[in-house]
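Asks: Starting from these lines, generate the structure:
(one chain, ligands or ions: 2)
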Amino acid sequence: MSHPILFIDRDGTLIEEPDDQQVDAISKFRLVAGVIPALLRLRDAGYRFVMVTNQDGLGRDGYPQRAFDEVQRLLLGILESQGIVFDEVLVCPHRGDEGCSCRKPGIGLVAHRLIRLDWDRARSAVVGDRQSDLDLATNMGIAGFRIGRELSWQEVAKALLDSPRTARITRKTKETSIEVAVNLDPSGEPIAAIATGLGFFDHMLEQIGRHGGIDLRIQVEGDLHIDDHHTIEDTGIALGAALRSAIGDKRGIGRFGFYLPMDDASARVALDLSGRSFSRFDGTFTRDKVGDLSTEMVAHFFRSVAEGLQANLHIIIDGENNHHLVEVAFKGFGRCLRDAVRRSDPSGAIPSTKGVL
Ligand SMILES: [Mg+2]
Ligand SMILES: [Zn+2]
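Replies: Ligands and ions are numbered 1, 2, ... in the order given. As a prediction, the model looks like this:
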């Protein structure tokens, strides 16, 4: 699987930069606050590290190679003793007036990385303490973070690992036009804004959002003049696909089941984000419709969700009242989803022995 890379500046980022801007003696050596715990968190989440540093005039008078090597060895040794290793250390030894292509923000040092396809650009970033580091990030087409007064290492790790998981899906066919937006990590109370043209269905989808603890926005224009079939089926597929996209690579999430009672009715729901679609729905309704929703479409909806989500979904419902039966299935699915997508494992491990789901 493709891994994200952190391209990390050295002076001012890993170690403090002295006033004369040259860390050429061990007496000037100080690690930047919080760098080790942040890099360990990122390492555990699958990040690889590459050091990219400008060392003005290295190897010339005033900055002998030996002075650089001494500090560099100490730095790499300390980090390595804590389990932090660099895949590569890339150094530009030139001065600004030499017109080289490797001095940041030039991309000469990282050009061989840019042409490779085995890393995950969307999650990769440059971390540095200067504008030239941010410019390097721009030139590489990846995110950039500037360590310093505004941003600590802890905040960089948080931004890279704990950012909200969101997705927006637009799906247009002859029968329906659907827009679904989800946010699995809402900052406050989850927001539900749902308009499918079917009042009871809206109410049920709200249950998924509320009980799933996720922001859910769904707009549907369907061929309701025919019946509710396409609207419900296509909403299920689009919702599943949006959830799947927001979940991303499934780091730190689980697989779950939930047993939920609601007055006379109860639901057993089991969900495994396995990457394979399978759905089972056991339950009988004694009415054809609840509100404007055909009860035969309930099983069909969940099958469509499982398909879009590429998940294994089992729902077994029991009870008397048809409104309760439908509602308990949607609520149970929401509760299951909440547990399944929660980032419960701080190491960000993928919950499978195969390392991929
Ligand atoms: Mg620097
Ligand atoms: Zn250079």
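Asks: what's the distance between residue 38 and ligand 2?
Replies: 28 Å (CB to the ion, to the nearest Å). Quick note: C-beta positions are derived from backbone N, CA and C, even for glycine.
Asks: Looking at the stretch 101-250 of the chain, what residue ends up closest to ligand 1?
Replies: For the stretch 101-250 of the chain, the residue closest to ligand 1 is residue 129, as judged by CB to the ion, at 4.4 Å.
Asks: Go ahead and confirm that residue touches residue 14.
Replies: No: at 9.6 Å, residue 129 does not count as touching residue 14 under the criterion of CB atoms under 8 Å.
Asks: who are the neighbours in contact with residue 293?
Replies: 198, 200-201, 204, 228, 232, 326 (CB atoms under 8 Å, 6 or more residues apart in numbering).
Asks: try 7 Å this time
Replies: Contact partners of residue 293, counting by CB atoms under 7 Å, 6 or more residues apart in numbering, are 198, 200-201, 228, 326.
Asks: tell me the two of the residues you listed that are most distant?
Replies: Spatially, the most separated pair among the contacts of residue 293 is 228 and 326, at 13.0 Å (CB to CB).
Asks: So between those two, which is more surrounded?
Replies: residue 326 (28 against 21; other CB atoms under 10 Å).
Asks: picking that back up, among residue 129 and residue 14, which residue is more densely surrounded?
Replies: Neighbours were tallied for residue 129 and for residue 14 using other CB under 10 Å; the higher tally belongs to residue 14 (28 against 22).
Asks: ok, now how distant is the more buried one from residue 30?
Replies: Computed with CB to CB, to the nearest Å, the distance linking residue 14 and residue 30 is 10 Å.
Asks: do residue 127 as well
Replies: Going from residue 127 to residue 30 by CB to CB gives 18 Å.
Asks: go on, residue 89?
Replies: On the measure of CB to CB, residue 89 and residue 30 end up 19 Å apart.
Asks: Check residue 323 too.
Replies: Residue 323 is 66 Å from residue 30, by CB to CB.
Asks: Neighbour count for the two, which is higher?
Replies: Set residue 323 next to residue 30 and count neighbours by other CB under 10 Å: residue 323 wins out with 17 against 11.
Asks: Could you report the neighbour count for the closest residue to residue 59 other than its chain neighbours?
Replies: Nearest non-adjacent residue to residue 59, counting by CB to CB, 6 or more residues apart in numbering: residue 65, 4.9 Å away. If you count neighbours by other CB under 10 Å, residue 65 ends up with 13.
Asks: Could you do residue 182 as well?
Replies: Residue 182 has 27 nearby residues by other CB under 10 Å.
Asks: my guess is it contacts residue 218, does it?
Replies: No: counting by CB atoms under 7 Å, residue 182 does not reach residue 218; the two are 9.0 Å apart.
Asks: what does the stretch 1-150 of the chain have sitting close to ligand 2?
Replies: Residues of the stretch 1-150 of the chain lying close to ligand 2 by CB under 5 Å from the ion are 92, 94, 100, 102-103.
Asks: CA atoms only: put the helix or strand of the chain with the lowest mean pLDDT into PDB for me.
Replies: Least confident helix or strand of the chain, by mean pLDDT, DSSP states H and E, is strand 256-262 with a mean of 86. Extracted in PDB, the C-alpha atoms of strand 256-262 (Å, rounded to 0.1, in the frame of the first residue of the first chain):
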ATOM      1  CA  PHE A 256     -19.000  -3.700  15.200                       C
ATOM      2  CA  GLY A 257     -22.400  -5.100  16.000                       C
ATOM      3  CA  PHE A 258     -25.300  -3.600  17.900                       C
ATOM      4  CA  TYR A 259     -28.400  -4.800  19.600                       C
ATOM      5  CA  LEU A 260     -31.100  -2.200  19.900                       C
ATOM      6  CA  PRO A 261     -34.600  -2.300  21.400                       C
ATOM      7  CA  MET A 262     -37.300   0.200  20.700                       C
END
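Asks: Please name every helix or strand in contact with it.
Replies: strand 265-272, helix 322-341 (3 or more CB pairs under 7 Å, 6 or more residues apart in numbering; DSSP states H and E).
Asks: what's residue 296 sitting at in phi/psi?
Replies: Main-chain dihedrals, residue 296, degrees, to the nearest 10: phi -70, psi -20.
Asks: Which pLDDT value belongs to it?
Replies: You'll see residue 296 listed with a pLDDT of 96.
Asks: Let me know how buried it is, in neighbour terms.
Replies: The number of residues packed near residue 296 is 13, by other CB under 10 Å.
Asks: mind listing what it touches?
Replies: No contacts exist for residue 296 under CB under 7 Å, 6+ apart.
Asks: Relative to residue 281, how far out is it?
Replies: Counting by CB to CB, the gap from residue 296 to residue 281 is 11 Å.
Asks: circling back to that earlier point, counting only strands, which of the residues of the stretch 1-150 of the chain next to ligand 2 make the cut?
Replies: Within those, residues falling in strands by DSSP state E are residue 92.
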